[in-house]
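Asks: everything below, folded, please.
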Amino acid sequence: MTTPARRSFTGTEARQLLRRGRTGALGTNNLDPTGPYISLANVATDAVGHPVIFISKLAWHTRNILANPSGSLMVSEIPAEGDALTGPRVTLMGEFQPVPAAEIAERYAQHHPAARFYLEFPDFSFWRLFPQKIHAVAGFGRIETMEPDEVFLPESAAAAVMAGAPSAIAHMNEDHADAVELYATRLLAAAPGNWRITAIDPDGAHLSLGDKALRLAFDEPVSGPDGLRQAFVALARRARESDVKPSDK
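Replies: Presented below is the predicted three-dimensional model:
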């Protein structure tokens, strides 16, 4: 595969946008009437960055996927004001495949705490999109079409981080709770509180307080325990040096 020497919007940036995203426009092939069908779905990501959705059999999009697994998903960040088209968005085109709940349910719930109320509903199921092509737009002139290996991490690169994630989460929450709160208040402008790290992947972590969930991004992907430790230390240093004031919300 030949790629440009310098992307105007990189695969890592596209993956981080997917990590931050909470919802997406889901495109499936409708059965009756035939044609494209667009719906709204909550979105999370697995260890390597592939998007995962959790959908009910009562929904048209689930019926469509069961009949034809090809589809697309767009995750976007719409500016608070001004032209919505200036915000970055990533569209993934590929095929949906079912994911066992035991593999992904807890991670999904860390991103969407409200989903715990219906995680065990028998008519809901998890589906992962394996993209064949990714189209990313990050503003005027920043338009890129990428292959999956540009955007998603290798399984081997993610495995070491995910294996050490439980102990790292426990260590940060038990021994560095002050730093975790600084991540939330100084880096993510959240209100003070007993913020906890609930999930980790090579690109960052999820922070939770009650039903609130935030995404904390690392400066660059990490590949093992040492990189994970260094990433948290660097973020703590930045948080302590930041002059951002916590939100009252």
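
Asks: ok but residue 16 is inside a helix, no?
Replies: Yes - under DSSP: H, G, I helix; E, B strand; the rest coil, residue 16 falls within a helix.

Asks: please save the CA atoms from the lengthiest helix in the chain in CSV.
Replies: Taking DSSP state H as the criterion, the chain has its longest helix at helix 155-175. Output of helix 155-175 as CSV, limited to C-alpha atoms (Å, rounded to 0.1, in the frame of the first residue of the first chain):
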residue,chain,number,x,y,z
GLU,A,155,-3.9,-6.8,17.7
SER,A,156,-0.4,-7.6,19.0
ALA,A,157,0.3,-3.9,19.8
ALA,A,158,-2.9,-3.7,21.8
ALA,A,159,-2.7,-7.0,23.6
ALA,A,160,0.1,-6.0,26.0
VAL,A,161,-1.7,-2.9,27.1
MET,A,162,-5.0,-4.6,27.6
ALA,A,163,-3.4,-7.4,29.6
GLY,A,164,-2.0,-4.8,32.0
ALA,A,165,-5.0,-2.6,32.1
PRO,A,166,-6.7,-4.0,35.2
SER,A,167,-3.7,-3.6,37.4
ALA,A,168,-3.0,-0.2,36.0
ILE,A,169,-6.5,1.0,36.7
ALA,A,170,-6.4,-0.3,40.2
HIS,A,171,-3.0,1.4,40.8
MET,A,172,-4.1,4.7,39.5
ASN,A,173,-7.4,4.8,41.4
GLU,A,174,-5.9,3.6,44.7
ASP,A,175,-2.6,5.3,44.7
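
Asks: for that helix, enumerate the helices and strands it packs against.
Replies: Packing contacts for helix 155-175, counted by 3 or more C-beta pairs under 8 Å, 6 or more residues apart in numbering; DSSP states H and E, involve helix 177-182, strand 196-201, helix 225-241. In short, each C-beta sits where N, CA and C put it, glycine included.

Asks: give me the sheet partners of the second one and which way each runs.
Replies: Listed by DSSP bridges, the sheet partners of strand 196-201 and their directions read strand 204-209 (antiparallel).

Asks: the strand it pairs with vs helix 155-175, what angle?
Replies: Per axes from the mean of the first three to the mean of the last three C-alpha atoms, to 10 degrees, the angle that strand 204-209 makes with helix 155-175 is 30 degrees.

Asks: how is residue 62 assigned, secondary-structure-wise?
Replies: helix.

Asks: so who does the spatially closest residue to residue 180 that is not a sequence neighbour touch?
Replies: In this structure, residue 180 finds its nearest non-sequential neighbour in residue 195, 5.3 Å apart by C-beta to C-beta, 6 or more residues apart in numbering. Applying C-beta atoms under 8 Å, 6 or more residues apart in numbering, we find residue 195 in contact with 180-181, 183-185, 207-209, 214.

Asks: top of the residues you listed by number of neighbours, please.
Replies: residue 184 (26 neighbours; other C-beta atoms under 10 Å).
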